[in-house]
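Undergrad: Fold the following and give me the result.
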Amino acid sequence: MKEPDLVNVPAYQRKRSLAAKARKKSTAEKLATPRKRAVRKTASRPVTTQRPLSSRPRYSDDLLIEDVLTDIPAHEPIHTIDEFPEPETAYSPASSSTREMKLVGRCDGYFEKIDVAIVKLTSPMRTGDQLIFQKVSGLFEQPVDSMQIDRKDVQIAHSGDDVGLKVIMEPKVGGLVYKVI
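TA: Predicted structure coming up:
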């Protein structure tokens, strides 16, 4: 058989060959050195002795019964449900800390000099609605004071419209816009 030409061997095969040689070398070293066994060290414990019976306190049965009987309270009557007043609570289906929001659209653009955001609507919106915009870091909320479609003021905008809104902060372009219900 012919010896392989080391110059003409692909790189990945040379790498595999070198890795195999390294593994053989490291396993040979491990086998050559004897392995030490772990020896468990036991802690020395002090020897304790029991106290002699004469130094232990002696309790009589009568003394124990008297102590137990004095701790038990006399029989108390069990209260019925009618005796407890009913707590007065107002019930609402929604939590007071959460608000219901509806997706209105997506912010498609922002004009920095005039502080106007372009919102592509997915549901109808009208002036006076409370909107929540996404910012780069967090959210901000503001009411709709005025809105324009094609540079004309409108009171109601329908889904599919591109609406210009005056905003108080810079919204995230591509961020979602919600309406508080």
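Undergrad: Can you give me the neighbour number for Lys120?
TA: As a burial measure, Lys120 scores 16 neighbours (other C-beta atoms under 10 Å). For glycine as for every other residue, the C-beta is placed from the backbone atoms N, C-alpha and C.
Undergrad: Start the count at 883 instead of 1 going forward.
TA: Yep, numbering from 883; the last one is Lys1002 now.
Undergrad: what's it sitting at in phi/psi?
TA: Dihedral angles phi and psi of Lys1002 (degrees, to the nearest 10) take the values phi -90, psi 110.
Undergrad: residue boundaries of the strands in the protein?
TA: Secondary structure of the chain, counting by DSSP state E: strands at 983-993, 998-1003, 1007-1008, 1012-1017, 1020-1025, 1029-1031, 1034-1036, 1038-1039, 1044-1048, 1058-1062.
Undergrad: okay, these in a markdown table with distance to Ser899 next?
TA: What follows is the strands of the chain, written out as a markdown table (distance: least, C-beta to C-beta, whole Å):
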| stretch | distance to Ser899 |
| --- | --- |
| strand 983-993 | 57 |
| strand 998-1003 | 60 |
| strand 1007-1008 | 69 |
| strand 1012-1017 | 56 |
| strand 1020-1025 | 56 |
| strand 1029-1031 | 72 |
| strand 1034-1036 | 75 |
| strand 1038-1039 | 71 |
| strand 1044-1048 | 65 |
| strand 1058-1062 | 56 |
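Undergrad: Let me know which of the ones you listed is the nearest to Lys907.
TA: strand 1020-1025 (57.5 Å; C-beta to C-beta).
Undergrad: Counting by contacts, list what that closest one packs against.
TA: Packed against strand 1020-1025, as judged by 3 or more C-beta pairs under 8 Å, 6 or more residues apart in numbering; DSSP states H and E, are the following elements: strand 1012-1017.
Undergrad: circling back to that earlier point, distance to Ala904 and mean pLDDT added to the strands of the chain, as a markdown table?
TA: Converted to a markdown table, the strands of the chain look like this (distance: least, C-beta to C-beta, whole Å; pLDDT from 0 to 100):
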| stretch | distance to Ala904 | mean pLDDT |
| --- | --- | --- |
| strand 983-993 | 56 | 94 |
| strand 998-1003 | 60 | 95 |
| strand 1007-1008 | 68 | 92 |
| strand 1012-1017 | 54 | 93 |
| strand 1020-1025 | 53 | 92 |
| strand 1029-1031 | 71 | 92 |
| strand 1034-1036 | 75 | 93 |
| strand 1038-1039 | 70 | 93 |
| strand 1044-1048 | 65 | 94 |
| strand 1058-1062 | 55 | 94 |
